[in-house]
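# Sequence plus the predicted model coming up.
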2 protein chains.
Amino acid sequence: MRRVANWTYGSVAMATTPRKQSSHGSKRPARRERAIYRATLEELAEADYGALSVESVAARARVNKTTLYRRWPTKAALVHAALESIVDAFELEASTGSLRGDLLTLARRMLKITRSVEAQSLLRVRLLDEPEPELARIAAKLQARRQAQLTRLLEAASARGEVRRGTDLGLVLDLLGGMIHVRTTIKKMRVDDALLQRAVDILVSGISLHPTRAR
Amino acid sequence: MRRVANWTYGSVAMATTPRKQSSHGSKRPARRERAIYRATLEELAEADYGALSVESVAARARVNKTTLYRRWPTKAALVHAALESIVDAFELEASTGSLRGDLLTLARRMLKITRSVEAQSLLRVRLLDEPEPELARIAAKLQARRQAQLTRLLEAASARGEVRRGTDLGLVLDLLGGMIHVRTTIKKMRVDDALLQRAVDILVSGISLHPTRAR
DNA sequence: ACAAAACGCAACTACTTGTTGCATTTAGAT
DNA sequence: ATCTAAATGCAACAAGTAGTTGCGTTTTGT
């Protein structure tokens, strides 16, 4: 493992840009490139970052390892690029009219996100700041972006005035999201809609103006 | 990396038992052994399982690597033993008299646990079922044990009858614990007591019989 | 159809991981 | 205190993995 002195994969152009997107009108965003990124994320969702090997990514992407090494000089660079390639397509959803309904919609979306390969791989990178703090920073940034979108949804839902003023919406989000994450990713339990409803019921009843006691 | 055919580290005695605890009255539970386990857990809390190397553990424990290799033939065996060495000293805490007070006590304890090296390392192992399913299983068992203890606390608190019947206590626990975990371990935010109180307020107000609306 | 870039392949070097033999230390029993 | 067996440290080793390089072939844009 020979290390390049201190190669940073920050804002500097990090590899030879594939010419496909240079001219001709960016017909395809490099099909093969996407396959490689996908393979990287999948490997990362299954194993550690530490256990991730460039060779295994190459094998999964059906590509020779030299191809990878030439374009991304290090494992960190490859993962970096793969992370950056994640696009979170978030379309604002229509309000259901009630706080409970909106929270439930939110919960379902969170569950879907949590289950995705992107979220799983993002998590792996997120909780390693030791060997690659730079990568962890990037993963944090991406996650924050998602979080911000979810927060906006929640804010819109609560703006109707059904929520006690002073309520910490970020906290509510993390209560809900934390539960989903723990059950899905860590405990590997099945999270079904009934559970989401129960959780939402507790939270709604906990932050709502009206003392809704029954569920 | 030569692999032993299929060496399982299950219930079989996995290494030469140190003689210290054999006779003489178990004066010390092998001081050095504890140091090694500690080093293992610390390394594991900082890095991946995949990135964990026996050599780094040896270095941290100020021990020659051959010592480790001789007693634990593989990395998995070492981690296994280190995990098993974890003892969670849980003393039942006195009730504060109110549901809110008890939940807050519970939250504080969860925070403390979550921050511990043991929990951090346990988590790492927990979310790798790919390369070492056996290890993940063990980590799951240990975590379940902890969870059960916490659940009993919560049950005791709710038994006073301040909680709506039919309330999913496990869910409440995961809402609280999930939030703490996400903020502490993943987002690396500071979790202070005020936040815990706010969270508990929401939950208490969400599960309590009495419609407590103000906080 | 042509040229440049990208790719696959194979051989190679450098490093990491795990193993072994032997001298030295340590700890329990007499 | 002394003896002995287990445990450890050390160094040299074997084997595997991670990157590198040169070259011939394929792909791709013009």
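Okay, I see it.
# Could you check how far the nearest residue to residue A:41 once chain neighbours are set aside is from residue B:129?
Spatial nearest neighbour of residue A:41, chain neighbours left out: residue A:121 (4.4 Å); criterion: Cβ to Cβ, 6 or more residues apart in numbering or on different chains. Every C-beta, even on glycine, is put in place using the N, C-alpha and C of the backbone. Look at residue A:121 and residue B:129: by Cβ to Cβ, to the nearest Å, they are 15 Å apart.
# Looking at those two, which one has more neighbours?
The neighbour comparison of residue A:121 against residue B:129 (other Cβ atoms under 10 Å in any protein chain shown) goes to residue A:121, with 25 against 17.
# Show me where chain A dips below the pLDDT cut-off.
By pLDDT under 70, the weakly predicted segments of chain A are A:1-29, A:90, A:92, A:211-215.
# So in it, which helix runs the longest?
The longest helix of chain A (DSSP state H) is helix A:133-158.
# Identify each buried residue in that helix, please.
A:135-136, A:138-140, A:142-143, A:146, A:150-151, A:153-154, A:157-158 (16 or more other Cβ atoms under 10 Å in any protein chain shown).
# Out of the residues you listed, the closest to residue B:41 would be?
Minimum distance to residue B:41 across these is 20.8 Å, recorded for residue A:136 (Cβ to Cβ).
# how near is the closest one to chain B?
9 Å (Cβ to the nearest Cβ, to the nearest Å).
# Do a quick rundown of the helices in chain A.
A:31-46, A:54-60, A:65-71, A:75-84, A:99-115, A:117-126, A:133-158, A:169-181, A:193-207.
# re the thing from before, for the buried residues of helix A:133-158, which one is nearest residue B:46?
Within these, proximity to residue B:46 (Cβ to Cβ) peaks at residue A:136, which comes in at 12.4 Å.
# Just give the nearest non-adjacent residue to the closest one, would you?
residue A:129 (4.2 Å).
# wait, that neighbour sits on residue A:138?
No: Residue A:129 lies out of contact with residue A:138 (Cβ atoms under 8 Å); the separation is 11.4 Å.
# how much space between the residue nearest to residue A:41 and chain B?
Distance, residue A:121 to chain B, using Cβ to the nearest Cβ: 12 Å.
# coming back round to it: make a markdown table out of the helices of chain A and add distance to DNA strand D.
Conversion of the helices of chain A to a markdown table gives the following (distance: least, Cβ to the nearest atom of the strand, whole Å):
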| stretch | distance to DNA strand D |
| --- | --- |
| helix A:31-46 | 7 |
| helix A:54-60 | 5 |
| helix A:65-71 | 4 |
| helix A:75-84 | 6 |
| helix A:99-115 | 28 |
| helix A:117-126 | 16 |
| helix A:133-158 | 14 |
| helix A:169-181 | 29 |
| helix A:193-207 | 39 |
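# between the ones you listed, which gets nearest to residue B:36?
helix A:117-126 (26.8 Å).
# Near the nearest residue to residue A:113 once chain neighbours are set aside, how many residues? Count them for me, please.
By the measure of Cβ to Cβ, 6+ apart, the closest residue to residue A:113 outside its immediate chain neighbours is residue A:119, 5.4 Å from it. By the measure other Cβ under 10 Å, the count of residues near residue A:119 is 23.
# I'd say the residue nearest to residue A:41 and residue A:45 touch.
Yes: taking Cβ under 8 Å as the definition, residue A:121 is a contact partner of residue A:45 at 4.6 Å.
# which residues touch residue A:41?
Listed by Cβ atoms under 8 Å, 6 or more residues apart in numbering or on different chains, the contact set of residue A:41 reads A:82-83, A:86, A:117-118, A:121.
# Sorry, slip of the keys, the one I care about is residue A:191.
A:111, A:180, A:183-184.
# Could you dump those into TSV with distance to residue A:205 and neighbour count added?
Compiled in TSV, the contacts of residue A:191 are given as follows (distance: Cβ to Cβ, whole Å; neighbours: other Cβ atoms under 10 Å in any protein chain shown):
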residue	distance to residue A:205	neighbour count
A:111	20	21
A:180	18	26
A:183	20	21
A:184	24	18
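# Out of those residues, which two sit at the greatest distance?
The distance between the two most remote of the contacts of residue A:191 (Cβ to Cβ) is 9.4 Å, for A:111 and A:183.
# Format the contacts of residue A:41 as CSV; extra columns: distance to residue A:166.
Formatted as CSV, the contacts of residue A:41 follow (distance: Cβ to Cβ, whole Å):
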residue, distance to residue A:166
A:82, 41
A:83, 36
A:86, 35
A:117, 38
A:118, 34
A:121, 37
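# farthest-separated two in these?
Pairwise distances across the contacts of residue A:41 peak at 12.0 Å for A:83 and A:117 (criterion: Cβ to Cβ).
# the more surrounded of these two?
When neighbours are counted by other Cβ under 10 Å, residue A:83 and residue A:117 differ, and residue A:83 comes out ahead with 21 against 15.
# Relative to residue A:126, how far out is that one?
For residue A:83 relative to residue A:126 (Cβ to Cβ), the value is 10 Å.
# which residues are common contacts for these two?
residue A:139.
# mind checking how far residue A:128 is from DNA strand C?
Distance, residue A:128 to DNA strand C, by Cβ to the nearest atom of the strand, to the nearest Å: 16 Å.
# Please name the nearest non-neighbouring residue to that residue.
Nearest residue to residue A:128 in three dimensions, chain neighbours excluded: residue A:49, at 5.3 Å (Cβ to Cβ, 6+ apart).
# and residue A:155, what is it in contact with?
By Cβ under 8 Å, 6+ apart, the residues touching residue A:155 are residue A:169.
# Any idea how many residues pack against residue A:116?
For residue A:116, using other Cβ under 10 Å, the count is 15.
# Let me see the backbone angles for it.
phi -70, psi 150 (degrees, to the nearest 10).
# Relative to residue A:123, how far out is it?
Distance of residue A:116 to residue A:123, computed by Cβ to Cβ: 11 Å.
# With residue A:32 instead?
In terms of Cβ to Cβ, residue A:32 sits 26 Å off from residue A:123.
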